[in-house]
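**Student:** what's the 3D shape of this:
(2 chains, ligands or ions: 2)
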Amino acid sequence: MEASPVENLDTFDKRPLLKILKKYAKKKGILIPLLQETQKIYGYLPRLALVQISEATNTDISQVYGVATFYAQFRLAPVGKHLIRVCHGTACHVSGATRITEVCEEEFDIKDGETSKDLKFTLESVACLGCCSLAPVMTVDDNTYGRLTDREVRKVVEKLKK
Amino acid sequence: MAVSNNGKSKIIVGMASCGIAAGAQEVFDSLAKHIAEMKLDVELTKTGCIGACYREPLIEIKTAQIPSVIYGDMTVKRVKQLLEQHLVNGQIISEWAVVGEGIQTSEQDLFENQRRIVLRNAGEINPENIHDYVERDGYKAIQKVLKDFKAEDVIAEIKNSGIRGRGGAGFSTGLKWQFARQSESNEKYIICNGDEGDPGAFMDRSIMEGDPHSVLEGMLIAGYAIGAQQGIIYVRAEYPLAVHRLEIAIQQARERGFLGKKILGSKFSFNIILKLGAGAFVCGEETALIASVEGKRGMPRLRPPFPAVRGLWDKPTNINNVETYANIPWIILKGAKEFASLGTEKSKGTKVFALAGKIKRGGMVEVPMGMSLRDVIYKIGGGIKDDKEFKAVQLGGPSGGCVPESLLDTPVDYDSLTKTGAIMGSGGMVVMDDRTCMVDVSKFFLKFTQEESCGKCTFCRIGTKRMLEILERITEGKGQPEDIEKLESLAEYIKQGSLCGLGQTAPNPVLTTIQYFREEYEAHIHQKKCPAKSCRELIEYRVIPDNCTGCMLCARVCPVDAISGAKKEIHYIDPEICTHCGACYDACKFDAIDILTGVLEDEAKTA
Ligand SMILES: Cc1cc2nc3c(=O)[nH]c(=O)nc-3n(C[C@H](O)[C@H](O)[C@H](O)COP(=O)(O)O)c2cc1C
Ligand code: FES
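**Tutor:** Ligands and ions are numbered 1, 2, ... in the order given. Got it, this is the predicted structure:
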């Protein structure tokens, strides 16, 4: 597991994590919700948090890590301040999603799946956001944009960069 | 000025995820503002997916004089004029209308050929207000069951209705319930599968967002029938609005006594909780889903034992799809007979489809089983976007297949669709036109299943990878003569050597495209041509000198500066620099960019 530079025993604030651990204590089948809430707090799953979860729930760290790497939702590295997700579901694929990702790559100067060096933007592909009739679709944080064209994407990006 | 009316006027805004993505929230806010400013006596409310997604944002206006008009493509700019004309002056703006009672629009037939059971409340109720659901006979079915039915009666009724699971495999729901009922245990579970993994389908999302109580009520009835006390809805991580609305629904149902201990004074207790998926397609498979709920990696296991015998926490568990549950209250209230009168001999009732892709009227539709694909696509879907040529329709997502024009008269029922090599699936229907390359589509699905394979079975894990490599080289113009046969034999091995449905069906998109579009594979392999002009390595962009006006638009949009030419001069695309992204083609207003395929080969031959 790659440790991120911001991860350091001295600066890692585990108080919010302890709170969640308490909430889920002694319940069964809670590993996934625990990881989900942890990620909500830290934006990703810091290594130290995984260790803490393993100890608190009496689960092998290998199992915790196994679950964390199985599901696409979990990340082991920090994400950018803004998360850009371009849909590559079937409807979006046949409506030109490849081009949408390319435009984002050009605009943010990062490749699909990467985070910009200043930790501002992360670009990802996802399979279907459930708005297929508006294909091609992308989301920026909690906002969804549909019926995209090159120009629309650049407009969205411009607003975001401001 | 207020509208003179007996019943109060009502404006309903479609606020499902897709509506919101298209700007419904802004429209809603603007309506609220103008209604207040103009002091109109009108109730403003929201609803889920109205169905005509291609015209989102949608709003419906009901007044005493004009029973109902649905307007599409609503924008903030149009709000004031619409309020003035429709509400104040009582005039319909027919150019903006999608459908309406008493007016003629070109889309009038959109709803006429549908039959709405699952979507009975879609667009009619505010999903965040239980009152709306109750008013439309909501929770009457569970009351009827608690009062008049023994568990066995419920199962008999569901069996007699003939309903089969809507999640893909199409197993008899009544039988499934019976098995779970027969398993002895004091602890049993009801699970609702809301994982909706098919990338290009959104029926279950729309149901959960638009009518969450119908799902809860269906689960309640199932719980009563099999003797379970606990229900779990497993929802896909990408559906935050569905989660939000389900949470509200569960809370309100508890407050009203429809969920909890001793429901409505009976001996029956039932609770429902939500579990959020974490982004793994395989978790739609029932045994993987159960593993995931237990907090493990979502790996399928061998069946039998089926979940009805050993499911969640090793207890008997009944698992059904969202749409399956949403049908149940209707069946109980209207009777099995009424349900069974719809559809075909072996496929009863209706099916919801999510129409998407190159179709004019993409959206949510519900039709009686047995309607032909052609009618769904042309009569309801309005045909192909931009009047292009129909090429294929993909059904069943990564487990399904592509059905060609020659089979468009196939009725939509489980068995007829399976015969084509596709499957009913959960209801995703993605339409493709002549610019869609079928080899690319099969590569797309295989890439998906390859990435989503959980890795347990060797053939699924590695076999799909080998197939993907072959498809990749074919689309890159490096295909080899024996590639088609190789794909076919690998497909057979993967089908036989995989434990769960993911691997067993992963080759379907490849096999059906080979079956129906073999010549397209051959063109890629032998002539290095992509007939759909879509595979980048096999196409070439050229300026058509006669059409080029030298407007420079293409040169400006080209991301790699491959286009040269001064203003009013004919432009030139440098093939050495061009990355075949197609930006110039999309930008050109004079049809001056041509896409050629196989030119390099042809030119090499003539040179
Ligand atoms: C790889 C795979 C993915 C599946 N995904 C889903 C899904 O997203 N939603 C669903 O309801 N069923 C899905 N199923 C089918 C379920 O295993 C199960 O058959 C279904 O939920 C049963 O409900 P039904 O009888 O109401 O159809 C999937 C099956 C496989 C093999
Ligand atoms: S395919 Fe992109 S939203 Fe469904």
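
**Student:** number of residues surrounding the closest residue to B:Gly174 other than its chain neighbours?
**Tutor:** Once flanking residues are discounted, B:Gly174 sits nearest to B:Lys159: 3.0 Å by CB to CB, 6 or more residues apart in numbering or on different chains. Every C-beta, even on glycine, is put in place using the N, C-alpha and C of the backbone. Residues near B:Lys159, counting by other CB atoms under 10 Å in any protein chain shown, number 17.

**Student:** B:Arg181 is in contact with B:Lys159, correct?
**Tutor:** No. If you go by CB atoms under 8 Å, B:Lys159 and B:Arg181 don't touch, sitting 11.3 Å apart.

**Student:** where does the residue nearest to B:Gly174 land in three-state SS?
**Tutor:** The three-state assignment at B:Lys159 reads helix, by DSSP: H, G, I helix; E, B strand; the rest coil.

**Student:** could you do A:Pro136 as well?
**Tutor:** Assignment for A:Pro136 (three-state DSSP): coil.

**Student:** how far away is it from B:Val431?
**Tutor:** 15 Å (CB to CB, to the nearest Å).

**Student:** write out the residues of chain A neighbouring ligand 1.
**Tutor:** Neighbours of ligand 1 within chain A, by CB under 6 Å from any ligand atom: none found.

**Student:** quick one: low-confidence parts of chain A?
**Tutor:** Residue ranges of chain A with pLDDT under 70: A:1-10.

**Student:** redo that, cut-off 50
**Tutor:** A:1-5 (pLDDT under 50).

**Student:** and for the stretch 351-500 of chain B?
**Tutor:** Looking at the stretch 351-500 of chain B by pLDDT under 50, you get an empty list.

**Student:** how about the residues of it by chain A?
**Tutor:** B:354-358, B:362-363, B:394, B:397, B:428, B:430, B:432, B:436, B:441, B:444-445, B:448, B:454 (CB under 8 Å from any CB of the partner chain).

**Student:** so which of those are in helices?
**Tutor:** With helices taken from DSSP state H, the overlap with these comprises B:Val441, B:Phe444, B:Phe445, B:Phe448.

**Student:** count of neighbours near the last one?
**Tutor:** Taking other CB under 10 Å as the criterion, the count of residues near B:Phe448 is 26.

**Student:** gap between it and A:Gly89?
**Tutor:** On the measure of CB to CB, B:Phe448 and A:Gly89 end up 9 Å apart.

**Student:** now do the shared contacts for the two.
**Tutor:** A:Ala127, B:Pro199 (CB atoms under 8 Å, 6 or more residues apart in numbering or on different chains).

**Student:** and B:Val282, what does it touch?
**Tutor:** Contacts of B:Val282 by CB under 8 Å, 6+ apart are B:Gly197, B:Ala288, B:Gly298, B:Met299, B:Pro300, B:Glu452, B:Ser453, B:Cys454, B:Cys500, B:Leu502.

**Student:** again, only this time at 10 Å
**Tutor:** A:70, B:195, B:197, B:288-289, B:291-292, B:297-300, B:449, B:452-456, B:460, B:500-503 (CB atoms under 10 Å, 6 or more residues apart in numbering or on different chains).

**Student:** next one: B:His244
**Tutor:** B:Pro127, B:Glu128, B:Met208, B:Glu209, B:Pro212.

**Student:** any idea how far the third one lies from ligand 2?
**Tutor:** Same thing as B:Met208. 15 Å (CB to the nearest ligand atom, to the nearest Å).

**Student:** and the residue lying closest to that residue once chain neighbours are set aside, what element?
**Tutor:** Nearest non-adjacent residue to B:Met208, counting by CB to CB, 6+ apart: B:Ala242, 3.9 Å away. Assigning secondary structure by DSSP states H and E places B:Ala242 in helix B:240-255.

**Student:** and what of B:Gln25?
**Tutor:** Using DSSP H and E, B:Gln25 falls in helix B:24-37.

**Student:** against which helices or strands is whichever helix or strand comes after that helix packed?
**Tutor:** Using DSSP H and E, the next helix or strand after helix B:24-37 towards the C-terminus is strand B:42-47. Packed against strand B:42-47 by the contact rule (3 or more CB pairs under 10 Å, 6 or more residues apart in numbering or on different chains; DSSP states H and E) you find strand B:9-14, helix B:17-21, helix B:24-37, strand B:59-62.

**Student:** and among those, the most buried is which?
**Tutor:** Most buried of the helices and strands packed on strand B:42-47 by mean neighbour count (mean count of other CB atoms under 10 Å in any protein chain shown) is helix B:17-21; its value is a mean of 27.

**Student:** and that helix, does that touch chain A?
**Tutor:** Yes. Using CB under 10 Å from any CB of the partner chain, helix B:17-21 reaches chain A at B:Ser17, B:Cys18, B:Gly19, B:Ile20, B:Ala21.

**Student:** ok, the fourth one to ligand 1 distance?
**Tutor:** Computed with CB to the nearest ligand atom, the distance linking B:Ile20 and ligand 1 is 23 Å.

**Student:** ditto for the second one
**Tutor:** Distance check for B:Cys18 against ligand 1: by CB to the nearest ligand atom, it reads 19 Å.
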